[in-house]
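Trainee: Fold the following, please.
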Amino acid sequence: IRAALRSTLVTGGQPSGQLLLGFHQDRSWHHEPPDLRLTDELAYRYSNLLESNRLRAIADSARDRVSLLARLGELTAHDFMHAADLTAVADAMVPEFADVALFLALDEPFLHARAKRAAQTELQRWLDFEYAPEAHLGEDSPALRALETAIPQQFGPADIAAHPERFAEAVRVLAARIGLVSGLVIPLRSDDTVHGALAIFRTHGSKPFQDEDVALAPEIARRIVPLLETGRRMQRSQEHTEALQRSLLPTELPPVFGYTLTAQYRAAESELRVGGDWYDVLELPDRSILFAIGDVAGHGALAAGLTGQLRTALRIAALDTSDVALLLQRLDRFLAGLDAFEMTTATIIRLDRESGEFTWASAGHLPPLLRYPDGTTQYLRKPVGPPLGAVPQPTFHARQATIAPGACLVLYTDGLVERRTEVIST
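Mentor: Residues are numbered from 1 along each chain as shown. Presented below is the predicted three-dimensional model:
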């Protein structure tokens with residue numbers, strides 16, 4: 001190049017480059033004012049194009065950030081089930097805002113990953129089956145600084161290379177595996193509780209987190225923390241309800257010579273479904289054995305409390321009758337006398353321990369399962385009356401069968417056999 005014309009490019013009010021027009025021959029003596037004005041005009045138009053692209057990128061980034069906050073806000077406002085399923089938070093971050101997201105629960109001095117999400121399928125498989133992080137809160141680590149100061153901490157591969165001692169081995173392994181470009185640790189804490197942190201990463205091919213992304217981090221935390229607090233409250237409520245329900249169920253089963261009795265209660269995994277199942281076993285004055293099982297409509301402490309009332313009502317009613325159909329009718333009258341309308345299913349069985357003969361009656365409950373000594377099974381499907389409390393003055397009927405030596409009779413509630421994706425009758 002023998003000669004050139006140059007003009008400054010300006011974007012965002014700041015110089016951003018140079019427009020250079022070069023010539024193979026020295027034509028400096030031919031440069032006239034119109035040539036200079038043309039060069040400036042070209043630079044002006046190119047600057048406008050660059051500025052338009054810059055503003056468009058800023059607008060797209062802002063729209064993505066607003067969309068992210070809206071998604072997190074929807075979780076907080078509408079879907080309390082996700083308080084216990086933190087994968088939903090990670091899903092909201094990936095892939096629009098980050099390529100990898102980990103929710104890290106604090107169990108000092110460690111952070112444990114309770115939810116992991118990656119944009120790439122192969123990387124997600126690695127996170128699910130091969131990566132089991134247990135990050136130690138090392139001295140001066142980004143995670144520790146974030147939790148102590150409540151200020152988001154950004155880091156990159158250069159920080160790990162310069163100060164590897166500040167990063168747990170799990171972090172170094174993750175950074176190498178995902179091709180880390182930029183990481184951001186967002187502390188999640190309320191006034192009196194440190195819940196943990198949300199660690200998000202951008203990988204090879206993505207831009208590092210910018211200042212505006214870091215500035216967004218406190219808003220992200222403000223939308224996630226209410227979910228965590230709701231989850232803690234629901235967890236405590238579930239524990240209290242489960243403790244109440246367990247206290248209202250038999251602590252042990254009575255010994256029955258010649259028979260083995262076994263019962264197992266397992267609380268529902270969802271905090272919204274604990275509280276309605278009940279059972280009882282008692283010896284009647286005529287030395288027969290009475291078995292009862294049921295499921296109160298509804299969940300929570302009120303349903304759990306009703307299970308105890310039903311057990312008490314059944315025990316009182318059984319003092320002067322062993323007719324299983326009549327016992328169901330008395331329980332139905334008991335429910336009708338309660339202030340609040342409630343329903344419950346129930347099956348009652350009376351076993352003659354000497355002969356093995358038993359009678360049963362059902363109020364809308366799942367049928368008992370009889371397993372014969374040869375391994376064949378039979379559901380005792382009939383007769384079935386309406387659930388207790390469902391209709392006025394219901395009628396219940398009893399039937400009779402025999403449990404032979406080596407046979408097994410199973411009573412259960414719907415939580416054992418129901419699946420959301422299957423019809424219960426199959």
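Trainee: Buried residues of stretch 146-153, list them for me.
Mentor: By 16 or more other C-beta atoms under 10 Å, the buried positions in stretch 146-153 come out as 146-147, 152-153. Just so you know, the C-beta spots here come from the backbone N, C-alpha and C atoms, and that holds for glycine as well.
Trainee: Now do that stretch: distance from first to last residue.
Mentor: 6 Å (C-alpha to C-alpha, to the nearest Å).
Trainee: Give the rounded mean pLDDT of it.
Mentor: The average pLDDT within stretch 146-153 is 89.
Trainee: Could I get the CA-only coordinates of the helix or strand harbouring Gly294 as CSV?
Mentor: Using DSSP states H and E, Gly294 sits within strand 289-296. Taking Å, rounded to 0.1, in the frame of the first residue of the first chain, the C-alpha atoms of strand 289-296 are listed here in CSV:
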residue,chain,number,x,y,z
ILE,A,289,-58.7,-60.7,65.1
LEU,A,290,-59.9,-57.5,63.4
PHE,A,291,-57.9,-55.9,60.6
ALA,A,292,-58.8,-52.5,59.2
ILE,A,293,-57.2,-50.3,56.6
GLY,A,294,-58.4,-47.1,54.9
ASP,A,295,-57.5,-43.8,53.2
VAL,A,296,-58.9,-40.5,54.2
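Trainee: for it, packing partners?
Mentor: Applying 3 or more C-beta pairs under 8 Å, 6 or more residues apart in numbering; DSSP states H and E, we find strand 289-296 packed against strand 277-283, helix 301-317, strand 344-351.
Trainee: Kindly calculate the angle that the last one makes with strand 277-283.
Mentor: Angle of strand 344-351 versus strand 277-283, following axes from the mean of the first three to the mean of the last three C-alpha atoms, to 10 degrees, is 20 degrees.
Trainee: Pairing partners for the helix or strand that strand 344-351 is followed by, with directions?
Mentor: Next helix or strand after strand 344-351 toward the C-terminus (DSSP H and E): strand 357-363. Take DSSP bridges as the rule and strand 357-363 pairs in its sheet with strand 344-351 (antiparallel), strand 384-385 (parallel), strand 399-402 (antiparallel).
Trainee: tilt between strand 357-363 and strand 289-296?
Mentor: 20 degrees.
Trainee: what about Ser141, how many neighbours?
Mentor: Look at Ser141: counted by other C-beta atoms under 10 Å, it has 22 neighbours.
Trainee: now the helices: where do they sit in the chain?
Mentor: Assigned by DSSP state H, the helices in the chain fall at 33-78, 87-93, 121-129, 142-149, 157-162, 169-178, 211-247, 301-317, 324-336, 414-417.
Trainee: Pass me the low-pLDDT residue ranges in the stretch 51-200 of the chain, would you?
Mentor: 55, 58-60, 62, 76-85, 108-110, 133-138 (pLDDT under 70).
Trainee: 80 instead?
Mentor: 51-89, 106-114, 132-140, 191-192 (pLDDT under 80).
Trainee: neighbours around the residue lying closest to Glu51 once chain neighbours are set aside, how many?
Mentor: Leaving out its chain neighbours, the residue that sits closest to Glu51 by C-beta to C-beta, 6 or more residues apart in numbering is Thr11, at 4.6 Å. Neighbours of Thr11 under the rule other C-beta under 10 Å: 18.
Trainee: Quick one, grab the pLDDT at Thr11.
Mentor: 78.
Trainee: so what's it up against?
Mentor: By C-beta atoms under 8 Å, 6 or more residues apart in numbering, Thr11 lies in contact with 47, 50-51, 54.
Trainee: Looks like Arg54 contacts Val10 (just checking).
Mentor: No: the criterion here is C-beta atoms under 8 Å, and Arg54 misses it with Val10 at 11.3 Å.
Trainee: quick one, which of the two is more surrounded?
Mentor: Each of Arg54 and Val10 has its neighbours counted (other C-beta under 10 Å); Val10 has more, 16 against 13.
Trainee: I'd say the more buried one and Ser47 touch.
Mentor: Yes: counting by C-beta under 8 Å, Val10 touches Ser47, with 5.0 Å between them.
Trainee: overlap in contacts of these two?
Mentor: Ser16.
Trainee: For Gly305, see how far away Thr251 is.
Mentor: 18 Å (C-beta to C-beta, to the nearest Å).
Trainee: More neighbours: these two, which one.
Mentor: Legend: neighbour count by other C-beta under 10 Å for Thr251 and Gly305, higher for Gly305 (16 against 6).
Trainee: and which of the contacts of Thr11 is nearest Cys408?
Mentor: Taking C-beta to C-beta as the measure, Cys408 sits nearest to Arg54 out of those, at 74.7 Å.
Trainee: How about the contacts made by the closest one?
Mentor: Per C-beta under 8 Å, 6+ apart, neighbours of Arg54: 11-12.
Trainee: how far away is it from Pro383?
Mentor: Distance, Arg54 to Pro383, using C-beta to C-beta: 77 Å.
Trainee: can you check His299 too?
Mentor: According to C-beta to C-beta, His299 stands 28 Å off from Pro383.
Trainee: Please say which of those two ends up with more neighbours.
Mentor: Using other C-beta under 10 Å as the criterion, His299 and Pro383 rank with His299 on top: 19 against 14.
Trainee: Test my guess that that one contacts Gly276.
Mentor: Yes: using C-beta under 8 Å, His299 makes contact with Gly276 at a distance of 5.6 Å.
Trainee: Now the closest residue to Tyr372 other than its chain neighbours: phi and psi?
Mentor: The shortest distance from Tyr372 to any non-neighbouring residue, by C-beta to C-beta, 6+ apart, is to Ala407 (5.4 Å). Dihedral pair for Ala407: phi -90, psi 170, per degrees, to the nearest 10.
Trainee: tell me the contacts of Ala407?
Mentor: Counting by C-beta under 8 Å, 6+ apart, Ala407 has contacts 370-373.
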